[in-house]
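> Fold the stuff below for me.
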Amino acid sequence: MKSQNEGNNATKTPWTVIGAIDPSHMDTTYLPEVVVDMGKRNLVELLNSRLCNPRFEVKFDFPKVKRTLIEGEFSELALFYHDLTIPKPTRVLATTDAIKEVFDVIQVMEDDATITYTVYLDEGPFANSIEETVYNINRVLGPKVETKAKQLGLNDYHMMFNISLAY
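All right, here's what the predicted structure looks like:
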């Protein structure tokens, strides 16, 4: 079942929404179609429920997720940059230096209670379906993060894996 909807206001280009996805194929369906079918919030909740480590979470790393995915001006979805958040230690500089030795740190942001390091974990694996995203976090990126956190002696951390657009 296909239906035409009002498209992008800037271009007035119509886009097509595919009908409801068969639940038995949901895990392997192209993520933009899943977002249209179940919504961003529900998809993120589903992805997070399937991650093995309670310290891990996933989110989309761009605004207006549904519209961006429907417009399709990208080639793939991938996991490039991620946010490692730790409670603010008393020796921030020593911790930051140690983390920079183990992770490829792109940016450091601080607030009153935490420090968040945006890190790059190799050439990001793909995140084009639920199955692919969960696999790549649980089996590819997750073990790397766990090994590096253990090496740093981090017991209290949170890793936000960001689904990004690849061009």
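
> what's the burial count for residue 42?
By other C-beta atoms under 10 Å, the residues close to residue 42 number 12. Heads up, the C-betas are built off the backbone N, CA and C, glycines and all.

> Which strand or helix spans it?
Using DSSP states H and E, the element containing residue 42 is helix 40-49.

> Kindly report the same for residue 70.
Once you assign secondary structure using DSSP H and E, residue 70 falls within helix 65-71.

> still on that earlier bit, show the subsequent helix or strand relative to the helix holding residue 42.
Following helix 40-49 in sequence order, the next helix or strand is strand 56-60 (DSSP H and E).

> From the chain's centroid, how far away is stretch 44-55?
Averaged C-alpha coordinates place stretch 44-55 at 11 Å from its chain's average position (C-alpha atoms, centre = their mean, to the nearest Å).

> in stretch 137-150, what counts as buried?
For stretch 137-150, the neighbour count (16 or more other C-beta atoms under 10 Å) marks 137, 141, 142, 145, 146, 148, 149 as buried.

> mind listing the strands for this protein?
If you assign secondary structure with DSSP state E, the strands in the chain sit at 2-5, 15-18, 56-60, 76-87, 104-110, 114-120, 158-166.

> Can you get me a residue count around the residue nearest to residue 21 when sequence neighbours are not counted?
Among residues not flanking residue 21 along the chain, residue 37 sits closest, at 4.8 Å (C-beta to C-beta, 6 or more residues apart in numbering). Around residue 37 sit 16 other residues, with neighbours defined as other C-beta under 10 Å.
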